[in-house]
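[1] got a structure for you, letters missing:
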């Protein structure tokens with residue numbers, strides 16, 4: 001009986017070869033997986049941090065121009081027909097005015113002065129003065145009194161010119177006097193005794209002193 005030596009040896013070699021091929025195939029797969037897991041860089045890109053939008057800058061509104069107050073001052077002048085005189089005194093946005101013809105017609109008027117220098121003044125007798133301040137140097141306007149309409153221009157005064165008034169009781173009579181001292185020194189005034197008007201005696205423009213029926217009075221600058 002022959003020994004199967006060469007045949008067994010050949011089979012054994014084939015089995016070893018198959019085993020080695022299987023082992024290499026398994027090892028190669030694992031190495032490829034490990035290489036892929038360990039060596040492949042992470043290609044996931046991170047999104048850059050969002051840049052916050054700048055806060056819009058709010059421009060502060062421009063301040064409204066401040067209003068220039070009407071200056072305190074006195075004004076005096078004649079009517080266009082030269083029949084009467086008008087004086088106006090402005091104080092703290094208010095005005096007092098006096099119209100008189102130096103004989104028997106007069107009126108005291110009061111009211112507010114608007115920011116633009118315009119004014120509408122009224123008297124207890126129903127008289128009305130409408131005027132406007134022109135560049136702070138003069139007042140141009142009209143006076144309506146006793147059915148008459150008088151246009152006038154009153155220039156800015158400088159002491160002792162201006163508007164003066166004195167009230168008192170003299171010899172039992174109620175006395176109320178008004179004076180307009182013009183820039184050229186002329187005076188126009190009416191003195192009322194118990195509601196009876198007449199031409200007023202002149203005052204001393206430096207002191208305001210005036211003599212009425214033998215009694216000295218002091219006329220003072222009139223203000224609103």
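    Received the coordinates, thanks. It should be emphasised that the depicted structure is a prediction, and the values quoted were computed from it without experimental measurement. Numbering: from 1, shown residues only.

[2] what about the helices in this structure?
    Ranges of helices within the chain are 5-39, based on DSSP state H.

[3] check residue 180 and give its pLDDT.
    Note on residue 180: pLDDT of 98.

[4] okay, now it: neighbour count?
    28 (other C-beta atoms under 10 Å). (C-beta placed from N, C-alpha, C; glycine too.)

[5] that one pairs with what?
    Beta-bridge pairing of residue 180, defined through DSSP bridges, involves residue 163, residue 188.

[6] I figured it hits residue 88, correct?
    No: judged on C-beta atoms under 8 Å, residue 180 makes no contact with residue 88 at a distance of 10.0 Å.

[7] what is the end-to-end distance of stretch 208-223?
    Chord length of stretch 208-223, first to last residue, is 15 Å (C-alpha to C-alpha, to the nearest Å).

[8] thought residue 211 was touching residue 200?
    No: using C-beta under 8 Å, residue 211 is not in contact with residue 200; the gap is 11.2 Å.

[9] find residues that contact each of residue 180 and residue 88.
    Taking C-beta atoms under 8 Å, 6 or more residues apart in numbering as the criterion, residue 180 and residue 88 both touch 76, 163.

[10] pick out whichever of residue 211 and residue 200 has more residues nearby.
    residue 200 (26 against 13).

[11] per-residue pLDDT, that one?
    Residue 200 is assigned a predicted lDDT (pLDDT) of 97.

[12] list the contacts for it?
    The contact partners of residue 200, by C-beta under 8 Å, 6+ apart, come to 102, 177, 178, 179, 187, 189, 190, 191, 210.

[13] below-threshold pLDDT in the chain: ranges please.
    Under the criterion pLDDT under 70, the flagged ranges of the chain are 1-67.

[14] apart from its neighbours in sequence, what residue is nearest residue 70?
    Spatial nearest neighbour of residue 70, chain neighbours left out: residue 113 (5.0 Å); criterion: C-beta to C-beta, 6 or more residues apart in numbering.

[15] quick one on the thing from earlier: and of the contacts of residue 200, the nearest to residue 118?
    In terms of C-beta to C-beta, no member of those lies closer to residue 118 than residue 178, at 24.0 Å.

[16] how near is that closest one to residue 79?
    In this view, residue 178 and residue 79 are 16 Å apart by C-beta to C-beta, to the nearest Å.

[17] between these two, which is the more surrounded one?
    Comparing residue 178 with residue 79 by other C-beta under 10 Å, the one with more neighbours is residue 178, at 25 against 20.

[18] and that one, how far from residue 87?
    Computed as C-beta to C-beta, the residue 178 to residue 87 distance reads 9 Å.

[19] who touches both of these two?
    Counting by C-beta under 8 Å, 6+ apart, the shared contacts of residue 178 and residue 87 are 98, 163.

[20] how many other residues sit next to residue 116?
    Residue 116 has 10 neighbours, counted by other C-beta under 10 Å.

[21] quick one: residues contacting it.
    Contact partners of residue 116, counting by C-beta under 8 Å, 6+ apart, are residue 132.

[22] now it. Its backbone dihedrals?
    Dihedral angles of residue 116 (phi, psi; degrees, to the nearest 10) stand at phi -90, psi 10.
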